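**Student:** The following comprises the amino acid sequence and a computationally predicted model.
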Amino acid sequence: MHTLSTAFKNLKNNFSFYALYLLSVAFVVTIFFAFTSFSMNKVMLEKISNDGRVETMCNTISVFLMAFVVFYMSYSNRFFLRRRTKELGIYALLGYRKSTILSLLTTENLLTCTGAFIAGILLGSFFHKGIVFGITKLLDLAVNNSEIPFFNPNAIMKTACFIFTVIIVLALSNSRFLFKTSLMDLVRYEKSAEKKMKFHAVLSVIGFLAVISGYSLALDILRGSESLWITVGFYPVAMPTFALILSGTVLFIASFLPFVVQAGKKNKRKFYTETKIITAPAFIYRIRSNSRTLIMLTLLSAAALTVSSVMALSLYYPIAAVSRMAPSEIECRIETESEITAIKQIVSTYSSDADVTFLQTDIYKVASSGGHLPMEYSIGTSKGDADNEKILREAGFECIPYSAYKALLEAQGRIKVLEQLATLNDNECILMKYQPSSDNNEMGDIYPLLIGNEEILVTVTMVTLDNPISFANSVGTLVISDDLYHTIAEQSVPATKILSINGKSIEDNEALFQALSDYLSGSPYLQGNSHRIHEIFSLSSSTFLLIGFLVVLFFVAAGSILYFNNVSAVTDSKSDYEILWKMGYTDKKIKKIIQKQTAAFFGIPFLFGLADCVFGTLVYKSALMQNILGNSPLLYAPTMAAIMLTFLIYLGYYCITVHTCCKSVLTK
Amino acid sequence: MSALLEAKEVTKIYAKAQRPSLNKVSFSVSKSEFIAIMGASGSGKTTLLNVLSTIDIPSSGSITIDGINIKNLTDSGAADFRRDKLGFIFQEYLLLDSLTIFENIAVPLTLQKLPPKKIENMIKSLAETFGIDSQLNKYPNELSGGQRQRASALRAIVKRPSILFADEPTGALDSNSATDLLNTLKESNKALDTTILMVTHDAYAASFADRILIFKDGRIIRELFKQNDDRRTFYESIALEVAKLDTER
């Protein structure tokens, strides 16, 4: 029979067997093609990248993406080759030359990849269009869609060349296997028995201790300034933590888990149950040959989950922090009264000004002779402690009156904060913190304020993160009573005058912000809430999108590998389930056994990934992110969302895997 | 002696088959009997074993084992029935590779929810009786074919089934291992009163039974009784009968 027709018949007769392979390769090609189309979409790149940053990132991620596709397809190919070794041995027995068998395998791969390529190009084009549409809407870009072709010929060519290269790599790998394996080994390949597991107590204990030590080191970051991460340094602690978790994970899976399961068999009451007596030894049996796959999946799972969690946190956190960085919809410094008139004129041009409020706050800088002053008093006064070192501030408290504070909160719609405010006496004040600090609580501190020649003592009665003015315009803000404020105002001139503009009708009005920016000659003191959010989205979205490609691809590959691995293990043991059924196990009990066996193999990468993600995110947030929002559990919402999404993806794959396993085993 | 198994007019017709695989088969098996079922390939031996053991459902007729009409059993009822009443030995041993021999033998007992201490005692005592106590902690792939099949036999016997079905149990064994296994079965039949129904095409294996049912085209065409003959004489008469059948083909 002709090789092509044999290959075609093989694929047709084993369609259900190859369907998932075809689907997953098609999915991988879809992601790859959509990514390639996006990275070659000049119209979009011009809009979202001014400095070539996105292009560089595309090139870097493209390398990872290609490496991942090669790895995934090699794994799948090896899996199918192993399943068909006996069949190939029979071909060889019948007189087929190994070169003919190789050409049969290559033709099958070619047919599968061609199918996946066509499906991937079609789906990838839709996916690419969807991404373009999503980014255009999200960033409010003016893009002429007709300039973006549905099929990008260059992307098709690049994808085709890449897939063809992968087929050649697979053919080389298959030829190596075929020519290295003897005829006898080919025929008996499937029957080769697993080697007996050796249990290493020492390695198991080392693995367990390494994981626990790694996680304890990560947790140490919660000790704040006393933490080793601060006292010793970030990298000197990060490196051993990473090494401990990495080596611990390897030993934990390869030695500790089988050791614990084996030891658990000694608990006879638990072991001699209809499910456990099958699942516990089967776990040890399978982990012998699958520990490397499982370790690899666990590490990849941990990396993908941590990356997606950190990514979500990196986007969510700055957006959540905008309420502190720019609490008013628009805010700027004013020098003259005529500026206020001009600004009001611009605002009325760009919006219906019915609901717009303009609030002017005069800030007085007051020095203090106190010995124990908050860090906000002198922050940004010297190089090395300011975010924007071009603009250094003068040390001092920046005083605003209590009535102005309330008016600003009301204009900003922060009713809950307003409701919790207590009245202020002349000897009391509210301190606006820049960063939350648990170990340096200023409540009850007394600051001597130098007003003229006098020294007036004020006691901190409230410490808050609810600043009404952006940090660009005021740091070290002290809210004082209106009477004390008037006393200060009588003796000095304001350091700065701030105009805060709020109102529904000016929200998300980028044109207005641009007009004001033009009027104020790009002043760094012009701050806008919606503008800041828009800016964060436009700066970050492309990065997240590109990393998102990698994360999605990983999940498809990891899920498929777990699927193939479990389906293969269960179908290889089909006769075992048959004998269990004949012994009196009901279908329900057999299903329970399959569920437990599969759950163990899905659970290990997921739970390890989850633990690594939680500890990694904790370290990232505590050590690498500037915390100006406190420790509200809400801040972990994106991490929870990333974990939930991962859980749902794993659950989906788990259900499909169990369904396929049960279908193949329980068919009478 | 009362009948432990009673098959009446049992017929099995598979879809698309030109003729029934079992054609109105009736016979009974008494408690503690050792019966061999012989016949050429396709004569209906394995089909009979499958329908008797609730693995397959007869098209018509009735089968009663230990007073239970197995045709009326639901799926879960049939599973419970196999768990409590039946034991199986197969040509391919079908031991679970991931379990030690001890654990393999323990599976049917855990299914019956026996206490761990009792499970251990039962296995140890039986293993001593049948001489495989030194192999209990080994895995199936560490044993020879004969040792595996003996372990498989012990797994079937240990729960004291009402009836033990053996499908070509010596098919994959060398002659010494086959004799060992048949002696094990015979010993279990005599010492433990195990009722055995063994499908075989081997006259030597069949000679260990008390009675032979010979199948052809889905029917019982001959019935041979050992009565007071010794095993060698019985073997010769079986071999003669088989040869006669071959010439009739």
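**Tutor:** Received it, and whenever you're ready, just let me know what you need.
**Student:** Which strand or helix spans B:I212?
**Tutor:** Counting by DSSP states H and E, the element that carries B:I212 is strand B:211-216.
**Student:** partners of that strand, with directions?
**Tutor:** According to DSSP bridges, strand B:211-216 has the following sheet partners: strand B:34-39 (parallel), strand B:219-225 (antiparallel).
**Student:** For the last one, buried residues please.
**Tutor:** It refers to strand B:219-225. Residues of strand B:219-225 classed as buried under the neighbour-count rule (16 or more other Cβ atoms under 10 Å in any protein chain shown) are B:I220, B:R222, B:L224. To be clear about C-beta, it is placed using only N, CA and C from the backbone, and glycine gets the same treatment.
**Student:** Chain A contacts on chain B?
**Tutor:** For chain B, the residues found near chain A under the criterion Cβ under 8 Å from any Cβ of the partner chain are B:53, B:55, B:75-76, B:79-84, B:86, B:88, B:90, B:92, B:94, B:96-100, B:103, B:106-111, B:113-114, B:116-117, B:119-120, B:139, B:141-142.
**Student:** mind running it again at 7 Å?
**Tutor:** With the criterion set to Cβ under 7 Å from any Cβ of the partner chain, chain B comes near chain A through B:55, B:75-76, B:79-80, B:82-83, B:88, B:94, B:96-99, B:103, B:106-108, B:110-111, B:116, B:119, B:139, B:141.
**Student:** Show me what from chain A comes close to chain B.
**Tutor:** A:193, A:196, A:268-269, A:272-274, A:277, A:281-282, A:285, A:575-576, A:579, A:582-587.
**Student:** Check B:A78 and give its pLDDT.
**Tutor:** What the model reports as pLDDT for B:A78 is 88.
**Student:** Does A:K497 touch A:Q360 like I think?
**Tutor:** Yes: the criterion here is Cβ atoms under 7 Å, and A:K497 meets it with A:Q360 at 6.2 Å.
**Student:** Give me the more crowded residue out of these two.
**Tutor:** Comparing A:K497 with A:Q360 by neighbour count (other Cβ atoms under 10 Å in any protein chain shown), the higher total belongs to A:K497, at 18 against 13.
**Student:** Which strands border the one helix or strand the more buried one maps to, and is each parallel or antiparallel?
**Tutor:** Here A:K497 is covered by strand A:496-502, with elements defined by DSSP H and E. Strand A:496-502 has its sheet partners listed here by DSSP bridges as strand A:330-333 (antiparallel), strand A:357-368 (antiparallel).
**Student:** Could I get these in CSV, plus columns for mean pLDDT and distance to A:L105?
**Tutor:** As requested, the strands paired with strand A:496-502 are exported to CSV (pLDDT from 0 to 100; distance: least, Cβ to Cβ, whole Å):
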stretch, mean pLDDT, distance to A:L105
strand A:330-333, 92, 66
strand A:357-368, 90, 74
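**Student:** hey, which of these is tucked in deepest?
**Tutor:** Among the strands paired with strand A:496-502, ranked by average contacts under mean count of other Cβ atoms under 10 Å in any protein chain shown, first place goes to strand A:330-333 (a mean of 24).
**Student:** following it, which helix or strand shows up next?
**Tutor:** Where DSSP H and E defines the elements, the next helix or strand beyond strand A:330-333 is helix A:337-350.
**Student:** Please pull out the lowest mean pLDDT helix or strand from the chain.
**Tutor:** Just going to use chain A. The helix or strand of chain A with the lowest confidence, counting by mean pLDDT, DSSP states H and E, is helix A:3-13 at a mean of 71.
**Student:** meant chain B actually
**Tutor:** Of all the helices and strands that make up chain B, helix B:231-248 has the lowest average by mean pLDDT, DSSP H and E, namely a mean of 85.
**Student:** which SSE is whichever residue of chain B sits closest to chain A in?
**Tutor:** Going by Cβ to the nearest Cβ, chain A is nearest to B:R83 of chain B, at 2.5 Å. Taking DSSP H and E as the definition, one finds B:R83 inside helix B:75-85.
**Student:** buried set for that helix?
**Tutor:** Taking 16+ other Cβ under 10 Å as the neighbour-count basis, helix B:75-85 is seen to contain the buried residues B:A78, B:A79, B:F81, B:R82, B:R83, B:D84, B:K85.
**Student:** show me the contacts for the nearest residue to the last one once chain neighbours are set aside.
**Tutor:** What that stands for is B:K85. If you skip the residues right next to it in sequence, B:K85 has B:S162 as its closest partner in space, 4.3 Å away by Cβ to Cβ, 6 or more residues apart in numbering or on different chains. For B:S162, the set of contacting residues under the criterion of Cβ atoms under 7 Å, 6 or more residues apart in numbering or on different chains consists of B:L4, B:I65, B:D66, B:K85, B:T195.
**Student:** Repeat that for A:E55.
**Tutor:** If a contact means Cβ under 7 Å, 6+ apart, then A:E55 has A:L45, A:S49 as its contacts.
**Student:** Read off the pLDDT value for residue 161.
**Tutor:** Since no chain was named, I'll use chain A. At A:C161, the pLDDT value in this model is 94.
**Student:** To clarify, I was referring to chain B.
**Tutor:** Confidence per residue is given as pLDDT, and for B:P161 that number is 89.
**Student:** residue contacts, it?
**Tutor:** Taking Cβ under 7 Å, 6+ apart as the definition of contact, the neighbours of B:P161 are B:K85, B:L86, B:G87.
**Student:** Can you tell me the element it falls in?
**Tutor:** With DSSP H and E as the criterion, B:P161 is inside neither a helix nor a strand.
**Student:** next one: the one 4 residues further on
**Tutor:** In this assignment (DSSP H and E), B:F165 forms part of strand B:163-167.
**Student:** who does that strand pair up with?
**Tutor:** strand B:86-90 (parallel), strand B:195-199 (parallel).
**Student:** Take that strand, keep the C-alpha atoms, and write them as CSV.
**Tutor:** Extracted in CSV, the C-alpha atoms of strand B:163-167 (Å, rounded to 0.1, in the frame of the first residue of the first chain):
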residue,chain,number,x,y,z
ILE,B,163,-18.1,-21.0,42.6
LEU,B,164,-14.8,-20.4,40.9
PHE,B,165,-14.6,-19.8,37.2
ALA,B,166,-11.3,-20.6,35.5
ASP,B,167,-10.9,-19.6,31.8
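**Student:** and it with helix B:75-85, angle?
**Tutor:** Following axes from the mean of the first three to the mean of the last three Cα atoms, to 10 degrees, one obtains 100 degrees for the angle between strand B:163-167 and helix B:75-85.
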